[in-house]
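K.L.:
A structural model of the following input is requested.
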Amino acid sequence: MPRFDPLPDRRPAFVAGASSGIGAATAVELAANGFPVALAARRVEKCQELVDKIRADGGEAVAVALDVTDPGSVTEAVKAATAELGEIEVLVAGAGDTNFGRLAEMPTDDFDAQLQIHLIGANRLMTAVVDGMIERRRGDLIFVGSDVALRQRPHMGAYGAAKAALVAMVTNLQMELEGTGVRASIVHPGPTMTAMGWNLPVEKIGPALEDWAKWGQARHNYFLRPADLARAITFVAQTPRGGFIANMELQPEAPLAETTDRQKLAVEEGN
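P.N.:
Residues are numbered from 1 along each chain as shown. Now for the predicted structure:
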């Protein structure tokens, strides 16, 4: 007899921050793998464009308006998604933005805004769906973290602090939810080519890049693609009962280095 009942074939997913970047790619990837998906974001019109594409490709999806800094918006978004798709089985908490700047120069309100989005917003989403998951004795809470939470980076102190606090929250969830059947996971992207942060003015981006190089945090110029993270998040959601992915970190692979004369000689000798 199996230790756990298998996951149901139909598992509605709620993706916060689905209008662009990692969230959009994750929604598309989940839908392609058979998950009914609610795409949630402030830019609901962008979500609707993706919904139309998903439906055209044979998937099931709806778009809902969501502002994670507004408790009422979170409640209404989850309510609307549930009415359209059924009880939420998978939450992907990926809403967010970033604000580059040195901590000593950043207004406290700007610092607080990062906490509100990445930590408090993620908590609101979790509390909106977790009771139902506990009642059904299954469910996946998947949080999008950041490698900045693991290794702090200059000019991203507010973002990094929020993401580090998110790690603490998810770790506590893993302990407190043990035995309920609800799994809490966090996926940490390394540098990823999205619009988040990179639409800031050059006077903010330039000093950040200089300091990253100084601290050895700019080893190469390759970036992950949103689709790379989407595959990882979908893998977490598809993990069979009996195990769960507690933490996952993805980093961009460096460009291939030029082959040295010694390497060429070794290949020739091997032939």
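K.L.:
can we go C-alpha only for contacts and neighbour counts from here?
P.N.:
Will do.
K.L.:
Distance-wise, check the closest residue in space to Gly190 that isn't next to it in sequence relative to Val148.
P.N.:
Once its chain neighbours are removed from consideration, Gly190 has its nearest residue in Gln251; the separation is 4.7 Å (CA to CA, 6 or more residues apart in numbering). Shown here: Gln251 relative to Val148, a distance of 12 Å by CA to CA, to the nearest Å.
K.L.:
any shared contact partners between these two?
P.N.:
Jointly contacting Gln251 and Val148 under the rule CA atoms under 8 Å, 6 or more residues apart in numbering are Gly190.
K.L.:
before we move on, the earlier item: so the residue nearest to Gly190 sits against Leu224, correct?
P.N.:
Yes: look at Gln251 against Leu224 with CA atoms under 8 Å: they come within range, at 6.9 Å.
K.L.:
Overlap of the contact sets of those two?
P.N.:
Common neighbours of Gln251 and Leu224 (CA under 8 Å, 6+ apart) are Gly190, Pro191.
K.L.:
tell me the strands in this protein, going along the chain?
P.N.:
Residue ranges of the strands in the chain, as given by DSSP state E, are 13-16, 37-41, 61-65, 90-93, 139-144, 182-189, 247-250.
K.L.:
need those strands in TSV with mean pLDDT, distance to Pro154 and mean neighbour count, can you?
P.N.:
Shown next, in TSV, are the strands of the chain (pLDDT from 0 to 100; distance: least, CA to CA, whole Å; neighbours: other CA atoms under 10 Å):
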stretch	mean pLDDT	distance to Pro154	mean neighbour count
strand 13-16	98	27	30
strand 37-41	98	28	30
strand 61-65	98	33	25
strand 90-93	98	25	26
strand 139-144	98	20	25
strand 182-189	97	17	24
strand 247-250	95	20	16
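K.L.:
Could you save those strands as JSON lines and add columns showing distance to Leu229?
P.N.:
Below are those laid out as JSON lines (distance: least, CA to CA, whole Å):
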{"stretch": "strand 13-16", "distance to Leu229": "13"}
{"stretch": "strand 37-41", "distance to Leu229": "16"}
{"stretch": "strand 61-65", "distance to Leu229": "20"}
{"stretch": "strand 90-93", "distance to Leu229": "12"}
{"stretch": "strand 139-144", "distance to Leu229": "9"}
{"stretch": "strand 182-189", "distance to Leu229": "7"}
{"stretch": "strand 247-250", "distance to Leu229": "8"}
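K.L.:
quick one: the helices in this protein?
P.N.:
Counting by DSSP state H, the segments of the chain that form helices are 21-32, 44-56, 71-85, 108-115, 121-136, 157-176, 202-214, 226-238, 261-270.
K.L.:
Please identify the deepest-packed of these.
P.N.:
Mean neighbour count (mean count of other CA atoms under 10 Å) peaks for helix 21-32 among the helices of the chain, with a mean of 24.
K.L.:
thinking again about what came up before, so for Phe14, which of the helices of the chain sits nearest?
P.N.:
The minimum distance between Phe14 and the helices of the chain falls on helix 71-85, with 7.4 Å, by CA to CA.
K.L.:
Just want the angle from the closest one to strand 37-41.
P.N.:
With axes from the mean of the first three to the mean of the last three CA atoms, to 10 degrees applied, the angle from helix 71-85 to strand 37-41 works out at 160 degrees.
K.L.:
what separates helix 71-85 from the chain centre, distance-wise?
P.N.:
For helix 71-85, the gap between its own C-alpha mean and the chain's C-alpha mean amounts to 20 Å (CA atoms, centre = their mean, to the nearest Å).
K.L.:
what sits against Ala13?
P.N.:
For Ala13, the contact set (CA under 8 Å, 6+ apart) comprises Leu30, Phe35, Pro36, Val37, Ala38, Ile88, Glu89, Val90, Leu91, Val92.
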